[in-house]
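1. Here's my sequence, what's the structure:
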Amino acid sequence: MTRALLDFTDLPRFDAIRPEDVGPAVDELLQAAQQALETVTAPNFPAEWVAMARVLDVATEHLGRCWGAISHLNSVADTPELRAAYNAALPRVTEFWTRLGADERLYAKYKAMDQARLTPAQAQAHSNAMRGFVLGGAELQGATKERFAAVQERQAELSQKFSENTLDATDAYAYYASAEELAGVPADTVQAARHAAEAEGKAGHKITLKLPIYLPVMQFGTDRALRERLYRAYVTRASEQANCPEVPDGAKFDNTALIQELLALRQEEATLLGYPHFAAVSLVPKMASSTEQVVTFLRDLARQARPYAERDVADMRQFAAEQLQLDNPQAWDWPYIGEQLRQARYAYSEQDVKPYFPAPKVLEGLFHIIQTLFEVSIQPDTAAVWHPGVQFFRLERTAPDGSTTLVGQFYLDLSARNGKRGGAWMDDVRARWLRPDTGTLQTPVAHLVCNFADGVDGKPPLLTHDDVITLFHEFGHGLHHLLTQVTERDVSGISGVEWDAVELPSQFMENFCWEWDALQRMTAHVDTGEPLPRTLFDKMLAAKNFQSGLQTLRQIEFSLYDMLLHSGAAPGGDFMALLQQVRDEVAVLQPPAYSRTPHTFSHIFAGGYAAGYYSYKWAEVLSADAYAAFEEAAQTAGTTLDVATGRRFRQEVLEAGGARPAMASFVAFRGREPSIDALLRHQGMAG
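-> The predicted structure is shown next:
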């Protein structure tokens, strides 16, 4: 084996990691971490923060960084060999972390610490750790404790299998469409589909269920039969309903049993810990105080959004009947009708602006915003990567004397490809930490991952405006991790931040995608180099809140379903029946009975958002109100890129990380608690 996974001197050696390295490296680090645990829990070892960190935290950080690199590769460069190695090691890793979090001896050491000697950041980390021990089963005894550990291990296995089934079901589908079937579909999408078919030596155009291909066909394709074919395949992925001609054995990826077992195990976990249901466990470390508070928040927002959503649907029905001769629209028609109505109403389409958003130019504009507001510089750098398309950058701060200091580094992986799971995310590689073993300051490193379409015919990738928003969103998470000034690992960056506040910086950054002075710097037509015309921007702005009522209700549907599902509200344990109940209450458009949304709902079954999906709407209130401070500054500064306001946001929110409660950071920045008014105004639902 190589020792690439055991080299912590600098960045991960992604180009040297081999599947056969995984098992031996993990075993070696598990053994070291176990030895460290035995050392610090010995009776004569001092119950002192730095002394324990020097032994135990260093060992567990190495294990975490190694496993993080393996997990990352499993997400972005999946192969049968890597998947097998990952799955073989997963139970051992899960078992160790579960046992560590429930270790009575370690819990006793933390209890014995003199809190008066802790720094404020250490005190916050200590408080989080004490709460974590309780939620990790440290107060359980005997057979109950053993069962709790088994439940954790099984949940990790099931979540991984859910993720694999979703990826495999998506990757397995391909339909080779004729040119006639793709009438109306944007030329760059048609071209990409043609190239994909040619690469396989096949005729026609390769249409997949990956969003850069699937969405344009659904929004622009005039062939209803093709839209229906793709829609059905998409909404039945990884379910018992997945039996289409393109994947005749699609039901082999069925996630039904995994969902049922995961829900049962989560309920059992809650019961073992003395809580009525898993939602109550999930909320303990969050800002929201109870399931009732969350459900009330969601239903109140639904009530305010519903009239706008009903108007959205009525507008589409009328337009479909009068202009498209569609008197009875079906689920696969709505994206197409919506796009046609948008074009008719605003003389604007996503495809009109796409040529103005070449990925390199968008990055240039994004970097300008970050550099201006947060007083850092972003420089390209080199590092070992997992795919030739991955870029690497460093963040630096320049002192008045001209000297530069490294703030952090990040990897940027923008393109969709097979073997890479869908969606977009930020993950930490390592945290900012004043290392107790060496006394040196470790700078933070992050992964920023998206799934955009590749460029065609030698041109750079072109992003839709939605893609641009996604990119800004993930960069918000990245900035939260990278700009922290906290040096205590467990509350540095995004660590220790309440889950329902962690979306604040990401959703905050999205707002700049709608600012004229920001867009001017991030647009250049792919052929002419011309920036986005003001007339086109005005159309974009006019269309900004197009169907915002409908989109809000859809997010509330997901959030309410998630919260009720984990509160034991499913009738007879039937998770599909509960979804129908939620839709009957919230939705203004009902999908067909065969639709299986939960079966690919990776956020709650494989992504850490169980009983936490509401966080997106919750944090939107925080982010909209935070951005309103920049809008207020613009009234005198003439631009939302106001350095003084950016500095305050950086210092009070981004730099503070998890070292204090999120509400304290928000109040420190805004001078008061958040109000929902800015969110409703931003989404055109005020008054």
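2. Can you report how many residues neighbour G568?
-> 16 (other C-beta atoms under 10 Å). For glycine as for every other residue, the C-beta is placed from the backbone atoms N, C-alpha and C.
3. Can you classify it by secondary structure?
-> Here G568 is recorded as coil under DSSP: H, G, I helix; E, B strand; the rest coil.
4. Now it. Nearest residue, chain neighbours left out?
-> H277 (4.5 Å; C-beta to C-beta, 6 or more residues apart in numbering).
5. wait, isn't that neighbour in contact with A264?
-> No. Between H277 and A264 there is no contact, the gap being 11.9 Å when judged by C-beta atoms under 8 Å.
6. okay, these two: which has more neighbours?
-> Between H277 and A264, H277 has the larger neighbour count (other C-beta under 10 Å), namely 19 against 12.
7. ok, that one - contacts?
-> For H277, the contacting residues are 267, 270, 291, 566-568, by C-beta atoms under 8 Å, 6 or more residues apart in numbering.
8. Return the two entries of those residues that lie farthest from one another.
-> Across the contacts of H277, no pair lies farther apart than Q267 and T291, at 13.8 Å, counting by C-beta to C-beta.
9. quick one: the residue nearest to G568 and S567, what's the gap?
-> In this structure, H277 lies at 5 Å from S567, with C-beta to C-beta, to the nearest Å as the measure.
10. so what sits against both of those two?
-> Contacts common to H277 and S567, judged by C-beta under 8 Å, 6+ apart, are T291.
11. where does the longest helix belonging to the chain sit relative to the chain's centre, distance-wise?
-> Using DSSP state H, we find that the single longest helix of the chain is helix 291-323. Relative to the chain's own centre, helix 291-323 is displaced by 25 Å; criterion: C-alpha atoms, centre = their mean, to the nearest Å.
12. got it, and stretch 239-249?
-> Counting by C-alpha atoms, centre = their mean, stretch 239-249 comes out at 28 Å from the chain centroid.
13. residues making contact with it?
-> 169, 172-175, 229, 232-233, 236, 250-251, 253-256, 594, 596, 599.
14. Buried among the residues you listed? Make that a ChimeraX selection.
-> One line in ChimeraX is enough to select the buried ones among the contacts of stretch 239-249; burial here means 16 or more other C-beta atoms under 10 Å:
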select :169,172,173,174,175,229,232,233,236,250,251,253,254,255,256,596,599
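15. Which members of the contacts of stretch 239-249 are positioned in helices?
-> Of the positions in those, 169, 172, 229, 232-233, 256 sit in helices, assigned by DSSP H.
16. of all the residues you listed, which two lie farthest apart?
-> Most distant of the ones in helices among the contacts of stretch 239-249, by C-beta to C-beta, are R229 and T256, 23.0 Å apart.
17. give me every residue that touches W425.
-> Going by C-beta under 8 Å, 6+ apart, W425 touches 447, 449, 474, 477.
18. tell me which of those is nearest to A678?
-> Nearest member of the contacts of W425 to A678, counting by C-beta to C-beta, is H477, at 20.8 Å.
19. Do I have it right that that closest one meets F508?
-> No. Contact criterion C-beta under 8 Å: H477 and F508 do not qualify, at 10.5 Å.
20. A686: neighbour count?
-> The burial count for A686: 12, using other C-beta under 10 Å.
21. element containing it, please.
-> For A686, there is no helix or strand it lies in under DSSP states H and E.
22. excluding its backbone neighbours, what's nearest it?
-> In space, A686 is closest to L680, 4.4 Å off (C-beta to C-beta, 6+ apart).
23. ok, how many other residues are close to that neighbour?
-> Neighbours of L680 using other C-beta under 10 Å come to 19.
24. Roughly how far does it sit from T552?
-> Distance of L680 to T552, given as C-beta to C-beta: 10 Å.
25. Please apply the same query to G389.
-> 35 Å.
26. Next, the distance between the ends of stretch 661-675.
-> Counting by C-alpha to C-alpha, to the nearest Å, you get 18 Å between the two ends of stretch 661-675.
27. which SS state does L73 fall under?
-> helix.
28. Break this protein into its domains for me.
-> Per automatic domain parsing, the domain ranges recorded for the chain read 4-159, 173-253, 355-544.
29. With distance to F319 added, can I get those domains in JSON lines?
-> Formatted as JSON lines, those follow (distance: least, C-beta to C-beta, whole Å):
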{"stretch": "domain 4-159", "distance to F319": "40"}
{"stretch": "domain 173-253", "distance to F319": "15"}
{"stretch": "domain 355-544", "distance to F319": "14"}
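30. between the ones you listed, which gets nearest to G684?
-> Nearest to G684, of all the domains of the chain, is domain 355-544, at 7.5 Å by C-beta to C-beta.
31. Show me what the one helix or strand Q635 maps to is packed against.
-> Following DSSP H and E, one finds Q635 within helix 615-637. If you count contacts as 3 or more C-beta pairs under 8 Å, 6 or more residues apart in numbering; DSSP states H and E, helix 615-637 packs onto helix 291-323, helix 504-510, helix 548-565, helix 643-649, helix 662-670, helix 677-682.
32. Pull the distance from the shortest one to the chain's centre.
-> If I follow you right, that is helix 677-682. On C-alpha atoms, centre = their mean, the centre of helix 677-682 falls 23 Å from the chain's centre.
33. Next, the spatially most central residue of the chain: phi, psi?
-> For the chain, W425 is the residue whose C-alpha lies nearest the centre (C-alpha atoms, centre = their mean; 4.1 Å). In terms of degrees, to the nearest 10, the main-chain angles of W425 are phi -160, psi 160.
34. any idea how far it is from V22?
-> W425 sits 22 Å away from V22, going by C-beta to C-beta.
35. Report the mean confidence score over stretch 320-328.
-> Averaged across stretch 320-328, pLDDT comes to 96.
36. export that stretch as CSV, just CAs?
-> Provided in CSV are the C-alpha atoms of stretch 320-328 (Å, rounded to 0.1, in the frame of the first residue of the first chain):
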residue,chain,number,x,y,z
ALA,A,320,-51.7,26.7,-21.2
ALA,A,321,-55.3,26.6,-22.4
GLU,A,322,-55.1,29.9,-24.4
GLN,A,323,-51.6,29.8,-25.9
LEU,A,324,-50.5,26.1,-25.8
GLN,A,325,-53.8,24.4,-26.4
LEU,A,326,-53.2,22.3,-23.2
ASP,A,327,-56.6,22.1,-21.4
ASN,A,328,-55.5,19.4,-18.9
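37. quick one: low-confidence parts of the stretch 1-150 of the chain?
-> Residue ranges of the stretch 1-150 of the chain with pLDDT under 70: 1.
38. make that the chain, sorry
-> Those would be 1, 687, if you go by pLDDT under 70 across the chain.
39. follow-up on the earlier one: out of the domains of the chain, flag the one nearest Q581.
-> domain 173-253 (18.8 Å).
40. what's the straight distance from one end of the closest one to the other?
-> 12 Å.
41. cool, stretch 414-432 as well?
-> OK, stretch 414-432 end separation, C-alpha to C-alpha: 25 Å.
42. List the buried residues in it.
-> Those buried within stretch 414-432 under the rule 16+ other C-beta under 10 Å are 414-416, 419-422, 424, 426-432.
43. Name the nearest of these relative to V456.
-> Taking C-beta to C-beta as the measure, V456 lies nearest S415 of the buried residues of stretch 414-432, at 12.1 Å.
44. how far away is that closest one from S506?
-> Taking C-beta to C-beta, one finds S415 at 21 Å from S506.
45. list the helices and strands the longest strand seen in the chain packs on?
-> Identified as the longest strand of the chain according to DSSP state E is strand 404-415. Judged by 3+ C-beta pairs under 8 Å, 6+ apart, strand 404-415 is in contact with strand 391-398, strand 445-452, helix 465-482.
46. if we go to 6 Å?
-> For strand 404-415, the elements it packs on are strand 391-398, strand 445-452, judged by 3 or more C-beta pairs under 6 Å, 6 or more residues apart in numbering; DSSP states H and E.
47. For burial, what's the neighbour tally of A344?
-> Neighbour tally, A344, other C-beta under 10 Å: 12.
48. Helix or strand for it, just tell me which one.
-> Using DSSP H and E, A344 sits within helix 334-346.
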